[in-house]
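Undergrad: Just a sequence and a predicted model for now, questions to come.
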Amino acid sequence: MKQTLFIVFHDMRLGGVQKKIIDIIKYHQQYLPDTNIIVCLRVHKGIFLKNIPLSIKVISPNFYTHRYNMTWFTLWLLYQIMTLRPTQIISFMDLGSIPTLICLRLLFWIKPQVTIGEDILTSKYIYTESFPPIRKLLIKYLYPLADTILVQTPVQKKDLENMIYKSESNPKIISTPNWLPLDFPPKKITPYSQRMIDILYVGRIDDQKNLPLFLEIVSNIKKTVFNITVNIVGDGDKKKNIKSLIRKLGLQKNISIIKPTLDTVAYYNQAKIFLLTSNYEGFPLTLMEALSSGCFPVVRDIPEISQFFIKNKSQIVFNTTKKATKLILNLLRHTPPDYFISYRRKIFNNQLRDISKYIKYFSRP
């Protein structure tokens, strides 16, 4: 029997989930070619649409409303599930998962295997979205209907268990590592001494990523390295605020904001340091991409990320602006230490293993 996989999410704009969707498609085409894949989007937008092969069907409603959009999308998805009868569904985060699970409650006679990809620290993420109390209730009562919930770290697993089950452990929630995207590592790594960008950020420009802290650190470094060069590659609803803060701090000559691009390799390969200041994360693909490209990580001490760094943690993880400034100045002044090589090797070696492990939870033989 031919399998039909629905991938359900919001859009294909800049983000880790979108890259993960591309990799899931590529993996199926190579190793599970008999699976029919249909991508269901709430909004048919985003730079990563270009990376979806033409043979893959992408569907979305031909309308979008800012009010009650989840309701309309749920009704649209209800019809798609009833008509196309998927055998497997992977939906990402509450944006894709709540509509999917509501539909399957109504279509109780249709029983696909349902997996949720929860690529964020849920308890913090929901408070950045609209109607947090309602979202929290829907997650609590609908998520247990899925067959499997995949998270990236033990920290996320415990967080979601506390939200849903109020218990120490639940077998439905499985921690499976994020993987290095399949279009990485780059074929050629630029030597550290030849790199022209001192500090790089790649990703969304929103509250979660805490770019005001990023700018504060850059401003401190500029007091010592006046001609510091910084690239911010991305877009988001806080872009205007960040531009204003750059002007206020007098960093216009130091920082360039570059629109999202599919060719992020070019920026990683020219940057010395990847600075991550997020308030919370899943486990960001951008960090793995940076590591694989020879770009040294300096990351904020949040448990979702800091648990990955065991060797030389004090040279990578910071919990104050002062510590971040010191770490970066040290990397700019001296030849980078060799501890970095073991982390690069680890993510190279685990790339195919980790994506295979992830996909086995929702792909039937």
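TA: Arrived safely. Numbering: from 1, shown residues only.

Undergrad: CA atoms for contacts and neighbours, from now on please.
TA: Noted.

Undergrad: give the contact list for Ile37.
TA: Residues in contact with Ile37 (Cα atoms under 8 Å, 6 or more residues apart in numbering) are 4-7, 25, 56-57.

Undergrad: Among these, name the ones in helices.
TA: Counting by DSSP state H, the contacts of Ile37 place Ile25 in helices.

Undergrad: Now for the contacts of Ile37: which two are most distant?
TA: Greatest spatial distance in the contacts of Ile37: Thr4 and Ile25, 12.3 Å, computed using Cα to Cα.

Undergrad: Can you classify Ile149 by secondary structure?
TA: Following DSSP: H, G, I helix; E, B strand; the rest coil, the label given to Ile149 is strand.

Undergrad: mind checking how far it is from Lys166?
TA: According to Cα to Cα, to the nearest Å, Ile149 stands 16 Å off from Lys166.

Undergrad: Neighbour count for these two, which is higher?
TA: Legend: neighbour count by other Cα atoms under 10 Å for Ile149 and Lys166, higher for Ile149 (25 against 12).

Undergrad: isn't the more buried one right next to Glu118, touching?
TA: Yes. Using Cα atoms under 8 Å, Ile149 makes contact with Glu118 at a distance of 6.9 Å.

Undergrad: contacting residues around Thr176?
TA: With contact taken as Cα under 8 Å, 6+ apart, Thr176 is in contact with 150-153, 354, 357-358.

Undergrad: Show the backbone phi and psi for it.
TA: With angles defined as degrees, to the nearest 10, Thr176 sits at phi -130, psi 130.

Undergrad: same thing with Leu180?
TA: Phi and psi for Leu180, reported as degrees, to the nearest 10, are phi -70, psi 130.

Undergrad: Around it, count how many other residues there are.
TA: Applying other Cα under 10 Å, we find 27 residues neighbouring Leu180.

Undergrad: what's near enough to touch it?
TA: With Cα under 8 Å, 6+ apart, Leu180 has these contacts: 285, 288-289, 347-348, 351.

Undergrad: who wins for neighbours among the residues you listed?
TA: Counting by other Cα under 10 Å, Glu289 has the largest number of neighbours within the contacts of Leu180, with 26 neighbours.

Undergrad: Hmm, Pro185 and it touching each other?
TA: Yes. When contacts are counted by Cα under 8 Å, Glu289 is listed as touching Pro185 (7.1 Å).

Undergrad: nearest spatial neighbour of Phe296, skipping sequence neighbours?
TA: Of all residues not flanking Phe296 in the chain, Ile273 sits nearest, at 4.6 Å (Cα to Cα, 6 or more residues apart in numbering).

Undergrad: Looks to me like that neighbour is in a strand.
TA: Yes. Counting by three-state DSSP, Ile273 is found in a strand.

Undergrad: the strands in the stretch 201-350 of the chain, which residues?
TA: According to DSSP state E, counting those that start in this stretch, the stretch 201-350 of the chain carries its strands in the segments 230-233, 255-258, 271-276, 296-300, 317-318.

Undergrad: Let me know which of the ones you listed is tucked in deepest.
TA: Among the strands of the stretch 201-350 of the chain, strand 271-276 has the highest mean neighbour count (mean count of other Cα atoms under 10 Å), at a mean of 26.

Undergrad: helices and strands around that strand, which ones?
TA: Using 3 or more Cα pairs under 8 Å, 6 or more residues apart in numbering; DSSP states H and E, the elements in contact with strand 271-276 are strand 197-202, helix 285-292, strand 296-300, helix 321-333.

Undergrad: strands paired with it, and their directions?
TA: Taking DSSP bridges as the criterion, strand 271-276 pairs within the sheet with strand 197-202 (parallel), strand 296-300 (parallel).

Undergrad: Including distance to Ile189, could the ones you listed go into a markdown table?
TA: Output for the strands paired with strand 271-276, formatted as a markdown table (distance: least, Cα to Cα, whole Å):
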| stretch | distance to Ile189 |
| --- | --- |
| strand 197-202 | 14 |
| strand 296-300 | 13 |
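
Undergrad: how about those strands, which one is nearest Ser256?
TA: Comparison of these against Ser256 by Cα to Cα identifies strand 197-202 as nearest, at 9.9 Å.

Undergrad: ok and the closest one relative to helix 285-292, angle-wise?
TA: Relative orientation of strand 197-202 versus helix 285-292 (axes from the mean of the first three to the mean of the last three Cα atoms, to 10 degrees): 150 degrees.

Undergrad: List the contacts of strand 197-202.
TA: Against strand 197-202 from outside (Cα under 8 Å, 6+ apart): 228-234, 264, 267-268, 270-276, 286, 332.

Undergrad: For Pro1, report the pLDDT, please.
TA: One thing to correct before we go on: residue 1 is Met, not Pro. With respect to pLDDT, Met1 has a value of 68.

Undergrad: chain center to the helix with the most length in the chain: distance?
TA: Taking DSSP H as the criterion, the chain has its longest helix at helix 339-359. The chain centre lies 16 Å from the centre of helix 339-359; the measure is Cα atoms, centre = their mean, to the nearest Å.

Undergrad: just stretch 5-20 next, same as before
TA: For stretch 5-20, the separation from the chain centroid amounts to 10 Å (computed by Cα atoms, centre = their mean).

Undergrad: Distance across it, terminal residue to terminal residue?
TA: Stretch 5-20: ends 15 Å apart by Cα to Cα.

Undergrad: Then stretch 216-233?
TA: Length of stretch 216-233, first residue to last, Cα to Cα: 18 Å.

Undergrad: Thanks a lot, see you next time.
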